[in-house]
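sharing a sequence plus its predicted fold:
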Amino acid sequence: MSGAEPAPRSFAALRDLLLERRAGLPKRLAQVADFALHNPDEMAFGTVAAVADLAGVQPSTLVRFAQALGYGGFSDLQTVFRALLRNRWPDYEDRLKALSPGSDARPEALLAGFCESAALSLERLRERVSGEALGRAVDVLAGADTVYILGQRRTFAVAAYLAYAFAKLNIRSVLVDNVGALGPDQVAFARPEDALLAVSFAPYTPSTVEIAERLAQRLPVVAITDSPFSPLVGSARAWLEVAEADFGDFRAVSGTFALAMTLAVAVGQRRAAP
């Protein structure tokens, strides 16, 4: 960014700038960008030393990151994250901290905590998924002859639900379950008129990334992932960001399921339209 261009003063504008520049960022600055988008609380209130330690970089890297984006320094950059947190409703993060499993292991307290994390995940989903991005994803999937669906580990449940929903909506799909490490064989007959819907979150299942990269050479890929710096983004024709909240050491999938349901119904509506 040139010095004549003003630094972004909203989180949305900062995120857009990082998306635009992600391919050209040096490795360490890209690492900071990924951390910043995932950890707005720490960015807002941490010291340079504390944030650098959490991000796994030197404090000077944070300063270089801020200046590369047009800010006067790290404290100037922090104002964007502080404004984001002031405008967030309600203060779910504080509630989650108060409802840690270690402080109260009663089932009703755990239920309350998981409900709060689900609510935060859904609110983040509404903030981060634009109509434009959603429209691109629906265009790709609605235009596909067959949709290959890939999600492993904790995202397998989402992939399985999508396969179920597509079947009920008469949308031809193939669930790539990778049983016996046969994922590459399961997509071997995918054609250019098909599409892949891949779901993966950090630390990103290697086989999901590998299959997506391979298929992207001959057919469109739609990705559901958790960061603009996810390895799936580079392979995707369209991608959607889901930032799930944690409760204790457990991460919700509430936002991901809501997005999966949205895609299934929207693609079904598009295909049913005259």
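That came through fine.

now the residue nearest to the spatial centre of the chain: how far from L169?
A centroid search over the chain (Cα atoms, centre = their mean) returns D226, at 1.9 Å, as the residue closest to the centre. As judged by Cβ to Cβ, to the nearest Å, D226 and L169 stand 26 Å apart. (Glycine included, C-beta is placed from N, CA and C.)

swap in A258?
For A258, the distance to L169 - Cβ to Cβ - is 17 Å.

over to A195?
Taking Cβ to Cβ, one finds A195 at 15 Å from L169.

so which of the two has more stuff around it?
Counted by other Cβ atoms under 10 Å, A195 and L169 do not tie: A195 has more neighbours, with 25 against 15.

tell me the spacing between the more buried one and I149.
10 Å.

quick one: the strands in the stretch 51-200 of the chain?
Applying DSSP state E, counting those that start in this stretch to the stretch 51-200 of the chain gives strands spanning 147-151, 173-176, 195-199.

so what strands line up beside the shortest one?
Looking at strand 173-176 with DSSP bridges, its partner strands are strand 147-151 (parallel).

in the partner strand, what counts as buried?
147-151 (16 or more other Cβ atoms under 10 Å).

now do stretch 58-65
Under 16+ other Cβ under 10 Å, the buried positions of stretch 58-65 are 59, 61-65.

all helices for the stretch 51-200 of the chain, in order.
Ranges of helices in the stretch 51-200 of the chain, per DSSP state H, counting those that start in this stretch, are 59-68, 74-87, 92-98, 107-128, 131-142, 156-168, 183-186.

give me the pLDDT value at L99.
The model reports L99 with a pLDDT of 52.

just use 540 as the starting number from now, easier for me
Shifting the count to begin at 540 puts that one at L638.

circling back: nearest to V772 among the buried residues of stretch 597-604?
Closest approach to V772 among the buried residues of stretch 597-604 (Cβ to Cβ): F604, at 19.3 Å.

that closest one touches K566, doesn't it?
No - the criterion here is Cβ atoms under 8 Å, and F604 misses it with K566 at 11.9 Å.

ok, back up a step: ok, of the helices of the stretch 590-739 of the chain, where does mean pLDDT dip lowest?
helix 631-637 (a mean of 54).

pull the contacting residues for the closest residue to V686 other than its chain neighbours.
Nearest residue to V686 in three dimensions, chain neighbours excluded: S712, at 4.4 Å (Cβ to Cβ, 6 or more residues apart in numbering). Listed by Cβ atoms under 8 Å, 6 or more residues apart in numbering, the contact set of S712 reads 685-688, 701-702, 705-706.

P767 now?
P767 touches 554, 557-558, 561, 572-573, 576, 780, counting by Cβ under 8 Å, 6+ apart.
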